[in-house]
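Undergrad: What follows is a predicted protein model with its sequence.
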Amino acid sequence: MKINVLFSSQHLDELYFTGKTAIVIDVLRATTVIATALTNGAREVIPVGTVDFAMKVSSDAFRSQTLLCGERNTKKVEGFTLGNSPSEYKPEIVSGKSIILYTTNGSKSFVKAKFCENLFSACFNNLPAIVKYLVALKKDVEIICAGTNGVFNLEDSICAGKIVSEIQQLKKNLVFSDSALACITLYKFSGKSIANMLSKTEHGKLLIENGFEEDIEVCAKIGTTDVIPYFSAGVIKKLDSNN
C-alpha cells in the first residue's frame, strides 16, 4: 500500500486521477461541512467548481429540496442559503436536502478528482473512520490537500500527516512518498492542540478576523462522526455500510 500526499491538485490534469483511490482534505472548512451535513441527515452534497454552475444546478433542481451553500473568500456568497460554517448545517435545516456546495478550495478539489475509482472526503471530525476504512480497502491512496488558492497550507497537510500516522499504526509494509513523510513530520511537530494549531495558520487567522472563531473549535474535533462521505457520479453521499 503506497500513500502519496498532494499539497494541491490544481496543477494536475483530471486524468491523473483515473482509477485511483483518493481522499480530499479541506479542514477549514469544506470537508468538515460535508461530514457535518451528511451526519445531520443531508441526502447528498453536490460539489461544484464555480458559482455560476452552482446557480445552474440549483435552477435545474427541485428548489424545495435543494440548498445552495458555500463561500467565496470565507464569506457566504450573496443569494446562497448557507455559508461554510459547520454549525450552520443543523439537522432541522439540512435533513433530507441536497446541498449544492461551492467553496474557494475544497469543492474544486472534488471536481478535479472526479475520475477516481474511489473518492472520499476527510477531516479531523471523521478521521478515525476514514483511517479504518482505508486500511481495510488495501489500495494505494492519494491524499489531496485542497490547499489555499492552489498552494500549500498547513492545516490540510497536518491532517494528512495524522491520517498517514494512524494508518502506519494499523498496517505494515507501507510505502510513503516524500510528501507523505513530510506530512508525518509536520503532524508530529504540530503540538497537542489541534485547535491551537488551526488558529495559528494563515487561513485560521483569516477566519478569526472575519468572525468565524467558533469554526476553528468545531473543525479541530477528532472522531465526532463515523460518517464516510463518498463521491460518485458528481455527488457525495454517506458510504453504504455494505460497501
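TA: Everything's here; your move.
Undergrad: In the chain, where's the longest strand?
TA: Longest strand in the chain, counting residues (DSSP state E): strand 66-72.
Undergrad: Tell me what L6 is bridged to.
TA: Here L6 sits in beta bridges with I144, as judged by DSSP bridges.
Undergrad: tell me, how many neighbours does it end up with?
TA: Neighbourhood size, L6 [other Cβ atoms under 10 Å]: 26. Where you see a C-beta, it was placed from the backbone N, CA and C, and this is true even at glycine.
Undergrad: pLDDT score assigned to the residue nearest the centre of the chain?
TA: Closest residue to the average C-alpha location of the chain: T31 at 2.6 Å, with Cα atoms, centre = their mean. T31 is assigned 98 on the pLDDT scale.
Undergrad: From Q65, how far out is it?
TA: According to Cβ to Cβ, to the nearest Å, T31 and Q65 sit 23 Å apart.
Undergrad: swap in A160?
TA: Here the distance between A160 and Q65 works out to 34 Å (Cβ to Cβ).
Undergrad: How about I222?
TA: Between I222 and Q65 the distance is 32 Å, computed by Cβ to Cβ.
Undergrad: which of those two has more neighbours?
TA: More crowded of I222 and Q65, by other Cβ under 10 Å: I222, with 13 against 10.
Undergrad: secondary structure element for the more buried one?
TA: Counting by DSSP states H and E, I222 is held by no secondary-structure element, helix or strand.
Undergrad: Run through the neighbouring helices and strands of the least confident helix or strand in the chain by mean pLDDT.
TA: Across the helices and strands of the chain, mean pLDDT, DSSP states H and E gives its lowest value to helix 51-60, namely a mean of 84. Packing partners of helix 51-60 (3 or more Cβ pairs under 8 Å, 6 or more residues apart in numbering; DSSP states H and E): strand 44-48, strand 66-72, strand 98-102.
Undergrad: Let's test this: mean pLDDT of the first one, rounded?
TA: What it means is strand 44-48. For strand 44-48, mean pLDDT rounds to 97.
Undergrad: List of residues touching that strand?
TA: For strand 44-48, contacts defined as Cβ atoms under 8 Å, 6 or more residues apart in numbering pick out 30, 34, 37-38, 54, 57, 98-102, 106-108, 110-111, 229, 231, 234-237.
Undergrad: before we move on, what about the last one?
TA: Taking Cβ under 8 Å, 6+ apart as the criterion, the residues outside strand 98-102 that touch it are 30, 33-34, 37, 42-51, 53-54, 57-58, 61, 65-72, 77, 80, 82, 89, 107.
Undergrad: Rounded mean pLDDT for the longest helix anywhere in the chain, please.
TA: Counting residues, the longest helix found in the chain (DSSP state H) is helix 154-170. Mean per-residue pLDDT for helix 154-170: 98.
Undergrad: Could you name the helices and strands sitting against the first helix or strand past that helix going along the chain?
TA: Per DSSP H and E, the first helix or strand lying C-terminal to helix 154-170 is strand 175-176. The contact analysis (3+ Cβ pairs under 8 Å, 6+ apart) places strand 175-176 against strand 2-6.
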